[in-house]
Structures are given as C-alpha cells and as structure tokens.
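Chemist: Fold the following.
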Amino acid sequence: MIFIKETGAILGQSRQILHVVEGNAGMVVFPTDVIYKIHKITSGQIFAFSHVHPDGMTILSHEDETTLFAQSLWFYPYPCRMITITLMRSDPFTKEHAFRETCYVGLLEAKETWLLHKDQKRKFEIIREWDRDFIIEEPQKAMNDWYGLILIRKSYEFENKRVN
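Modeler: Next up, the predicted model:
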C-alpha cells in the first residue's frame, strides 16, 4: 500500500458521508460552499471533518488546527470535530494494516464570557476526544460499512503482487 493523497469527508451525526473531498499528497481542503449549504439546511448535523493523513502522522497539522478554529467559529454553539485516519504499520505477508482513527474537538469560549472581556482574543482549545486502533486485512477488498474504508481506498495505491 502506497500513500498517494489525502482524501476527506464531511460526516453527518450518524457518521455517514455527506460529501467526499479529494486532496493532494499533503493537504485536503474542505469546500466552504458545500459546508455552508449543509450547515444552513441542517444546523448542527455535521459531526466531523475527517481525512486520511500520511503514514504515521497522528497529530493535527497547522492547517488542520486553523480549519478547526475557523469551523468552530462558524458552527458555534455546535461542536466542531476533526478526525484523522492514519496508517500506523503494514504487514506485507499477512496483508494486515493497522490504522488509528483520532478525533479532536474544538472548544470555543462561550460568546457571553468573551463579551465580558471583548478586548482580548476569544479563547480556543483543541482536545483529543478519542482514539481507535484497528486492523484491516486487504483494505481494497474489505467488506465493511465503516466510512473510513472509502477514504483509505481513495488515498492509497494498492499493489497486487503475490509473494511465492
């Protein structure tokens, strides 16, 4: 499995994919026009912005943090989450691939509190909400309804070489 690009998805409350976003090798940009349309129609229904990170990168990039802050301002008072899916290790013989799904939530200071000290910058904090480790055998063939498989299949190139 070779990482080729970041792929993202805007997820609904049931973690269903509302929109898929194609990125490049180092970044995915979630389209504001699509986000605005979804948020306007169904406020609070976006659960998270999820994307596949390059192998081993389990922390948010500066771009991820900036996006999470901007979306938190936009979505307030609804919570805003960013989920990363990262390949941790691969075994070419068993074809098992260990992934980590990490969810971060952006916590924005309450507007009422901020208005009391409006001359200061509004406080914002990013909290790691949860991690989930799992193993997928042959992601290109796996039968699973987890949304992340769709993103993984779009982000990786699969080698179909057999070892004799």
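Chemist: And the helices in the protein, which stretches?
Modeler: 32-41, 62-75, 111-116, 147-155 (DSSP state H).
Chemist: Skipping adjacent residues, who's closest to Tyr147 in space?
Modeler: Spatial nearest neighbour of Tyr147, excluding adjacent residues (C-beta to C-beta, 6 or more residues apart in numbering): Ile17 at 5.2 Å. C-beta coordinates here come from the backbone N, C-alpha and C atoms, glycine included.
Chemist: if we compare the helices of the chain, which one ends up closest to Met82?
Modeler: helix 62-75 (4.8 Å; C-beta to C-beta).
Chemist: Okay, angle between that closest one and helix 32-41 too, please.
Modeler: 30 degrees (axes from the mean of the first three to the mean of the last three C-alpha atoms, to 10 degrees).
Chemist: can you pull the pLDDT of the residue nearest to Tyr147?
Modeler: On the pLDDT scale, Ile17 is placed at 95.
Chemist: now the one 3 residues further on
Modeler: Each residue has a pLDDT score; the one for Val20 is 97.
Chemist: Mind pulling up the pLDDT for the nearest residue to it once chain neighbours are set aside?
Modeler: Spatial nearest neighbour of Val20, excluding adjacent residues (C-beta to C-beta, 6+ apart): Ala9 at 5.3 Å. pLDDT, Ala9: 97.
Chemist: Asp145 now?
Modeler: For Asp145, pLDDT reads 80.
Chemist: circling back to that earlier point, tally of neighbours for the residue nearest to Val20?
Modeler: 26 (other C-beta atoms under 10 Å).
Chemist: Next: the one 4 residues further on.
Modeler: Neighbours of Gln13 under the rule other C-beta under 10 Å: 12.
Chemist: try the one 5 residues further on
Modeler: Other residues lying near Leu18 total 16 when counted by other C-beta under 10 Å.
Chemist: Does it touch Lys37 like I think?
Modeler: No. Assessed by C-beta atoms under 8 Å, Leu18 is found out of contact with Lys37, at 10.0 Å.
Chemist: if we can go back for a sec, please list all residues in contact with the residue nearest to Tyr147.
Modeler: Going by C-beta atoms under 8 Å, 6 or more residues apart in numbering, Ile17 touches Ala9, Ile10, Leu11, Tyr147, Ile150.
Chemist: Among the residues you listed, name the buried ones.
Modeler: Buried subset of the contacts of Ile17 (neighbour count, 16 or more other C-beta atoms under 10 Å): Ala9, Ile10, Leu11, Tyr147.
Chemist: Many thanks, I have nothing further to ask.
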